[in-house]
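Undergrad: Any chance you could fold what I've pasted below:
(2 chains)
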Number of protein chains: 2
Amino acid sequence: MTTFSSRLGSIQKKTNSFVCVGLDTDPAKLPQHLRGKKNGILEFNKQIINATKDLVCAYKINFAFYESLGKDGWTIIEKTRALIPSSIMTIADAKRGDIGNTSAQYAKAILTDMDFDSITVAPYMGKDSVQPFLDKKNKGVFLLALTSNAGAFDFQYQKIGKKRLFEEVVSTSQKWNEHHNLGFVVGATKSADIKSVRSLAPDIPFLVPGVGAQGGSVEEVIKYGCTKDGYGVVINASRSIIYASSGKDFADAAHSEALKLNNEINFFRDALYP
Amino acid sequence: MTTFSSRLGSIQKKTNSFVCVGLDTDPAKLPQHLRGKKNGILEFNKQIINATKDLVCAYKINFAFYESLGKDGWTIIEKTRALIPSSIMTIADAKRGDIGNTSAQYAKAILTDMDFDSITVAPYMGKDSVQPFLDKKNKGVFLLALTSNAGAFDFQYQKIGKKRLFEEVVSTSQKWNEHHNLGFVVGATKSADIKSVRSLAPDIPFLVPGVGAQGGSVEEVIKYGCTKDGYGVVINASRSIIYASSGKDFADAAHSEALKLNNEINFFRDALYP
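TA: Residues are numbered from 1 along each chain as shown, chains lettered A, B, ... in the order given. Sure, this is the predicted structure:
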């Protein structure tokens, strides 16, 4: 069986892209002509997907923005999921994690029923909270390691012996990775430390948020984050792409931004992994 | 304004109960006569609530079990929420937490739109991931500190200087508690350590899962978990109450189990805080 990790690599080779577009679609930020319209959000997502699907390896759906719409939001997630070509990786950015029998329900809901290829999961509750997701062998689990926000400094950087908490998470969780479907969330805003995560996890795929609106450096992500063969990072940008224009040209603007990001990434890939 | 913390205390005084019933309603575990029926889950919840509402201070809705039903699950959460009398505390057991703008969406969805009184939140991403929940001043935030599962030992018990991670979470997060609406999840299965959380957080309400199916001791929770005045703990039981019988008498059986738990709790309250 092809592992999740090798499938991701194949998609990145085929698309020649490390770009993930984050569909953090906020009703209040829709272009004027779609705002408040029935199906406005779905139409927005559809046009974003159509305009960027030749430039990306993945789409990440941020569940919070849909849950804030109640049950309609859930329907929009399902319909948006269905719009994404099967050749592109889907990431449910849901940051779930609970005791085993509860995580199993989340895994069923999101990975099986909604058929997302992968999900983001929080590590605080340890192995049995993550295992039900990893048990879905052909699906991927991006465990939070080092996040892109300021709050990462509160606990993730705390020292446990010689390691910091995020390094402990990275070391320990790899013991759970028997199906080669574990990945890590590693924020682009902490680029110096991407290096240390990579050294602890030479072959594990990283989902890297924090370029774009949050200001992380693409060059450093490629330099420090890639595996030896120059793969292994999925670079997410949300707001900088989907809200590149607030006018009727939003999809064209998203295309341009995604292309720009892909070109920037590929420039550094070519330079650093010739 | 009455703080969340003092409101919880008032409810516990009025109901003379520390019991929280966890509505982890699993379609596969419904009594035969409700299984597979349209509205079976809602009917089950309704009868459980009717049978136990005079015995509890809170209901906790475990979102995973509803998300596994897709958009219908979301509707059932809303309808179940509406069945809970306003005199009883509602807890959204959703374990959310993400970067600030995303947590704000979860807070809006669950605390404002769905009008839950409180929510469980994961601490790994630090202050800005928790703040949007705490900003809802009249709502409560039960931050995961020491969870009831085996995986708690993976990271929560790791030593950071002289403290363990869960103690670090407890100490640090209290600095964020300007509205007195912070609580902690502290598992009953780790009763010796409830004491150390209580000593670090003398006045903070605890949500205590892990009695019942998970085997935690009520006596120790009351002994080590209560505040000086003998309050401050909400003791959740889910499976042991709602699945006490799988027959048509499930609601009566739930009543009996909730009564038994409440009596056990109150026995130790009387003995220890006369």
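
Undergrad: List the contacts of the closest residue to A:Ser217 other than its chain neighbours.
TA: Spatial nearest neighbour of A:Ser217, chain neighbours left out: A:Ser191 (5.6 Å); criterion: Cβ to Cβ, 6 or more residues apart in numbering or on different chains. (C-beta placed from N, C-alpha, C; glycine too.) Applying Cβ atoms under 8 Å, 6 or more residues apart in numbering or on different chains, we find A:Ser191 in contact with A:Gly216, A:Ser217, A:Glu220, A:Val221, A:Tyr224.

Undergrad: Wait, the fourth one touches A:Ile194, no?
TA: Yes: proximity of A:Val221 to A:Ile194 meets the contact threshold set by Cβ atoms under 8 Å, at 6.4 Å.

Undergrad: got the residue ranges for the helices in chain A?
TA: For chain A, the helices defined by DSSP state H cover A:4-15, A:40-52, A:63-67, A:71-83, A:100-107, A:127-134, A:152-155, A:165-173, A:191-200, A:218-225, A:239-242, A:250-272.

Undergrad: Pick the most buried one from those helices.
TA: Highest mean neighbour count among these (mean count of other Cβ atoms under 10 Å in any protein chain shown): helix A:63-67, with a mean of 26.

Undergrad: which secondary structure elements does it contact?
TA: Packing partners of helix A:63-67 (3 or more Cβ pairs under 8 Å, 6 or more residues apart in numbering or on different chains; DSSP states H and E): helix A:71-83, strand A:89-96, helix B:100-107.

Undergrad: okay, the ones you listed in JSON lines with mean pLDDT and distance to B:Val185 next?
TA: Shown next, in JSON lines, are the helices and strands packed on helix A:63-67 (pLDDT from 0 to 100; distance: least, Cβ to Cβ, whole Å):
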{"stretch": "helix A:71-83", "mean pLDDT": "96", "distance to B:Val185": "26"}
{"stretch": "strand A:89-96", "mean pLDDT": "98", "distance to B:Val185": "15"}
{"stretch": "helix B:100-107", "mean pLDDT": "96", "distance to B:Val185": "17"}
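
Undergrad: quick one on the thing from earlier: would you mind stating the distance between the residue nearest to A:Ser217 and A:Ile235?
TA: 12 Å (Cβ to Cβ, to the nearest Å).

Undergrad: What of A:Asn39?
TA: Relative to A:Ile235, and taking Cβ to Cβ, A:Asn39 is found at 30 Å.

Undergrad: thinking again about what came up before, between the contacts of A:Ser191, which sits nearest chain B?
TA: Nearest to chain B out of these is A:Gly216 (Cβ to the nearest Cβ; 12.6 Å).

Undergrad: before we move on, back to that, can you redo the helices and strands packed on helix A:63-67 as a markdown table with distance to B:Phe268?
TA: Listed next are those as a markdown table, based on distance: least, Cβ to Cβ, whole Å:
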| stretch | distance to B:Phe268 |
| --- | --- |
| helix A:71-83 | 42 |
| strand A:89-96 | 34 |
| helix B:100-107 | 35 |
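
Undergrad: residue in the stretch 151-274 of chain A nearest to chain B?
TA: A:Gly151 (2.4 Å).

Undergrad: Report the contact partners of the closest residue to A:Gly73 other than its chain neighbours.
TA: Once flanking residues are discounted, A:Gly73 sits nearest to A:Tyr66: 3.5 Å by Cβ to Cβ, 6+ apart. Applying Cβ under 8 Å, 6+ apart, we find A:Tyr66 in contact with A:Thr25, A:Gly73, A:Trp74, A:Ile76, A:Ile77.
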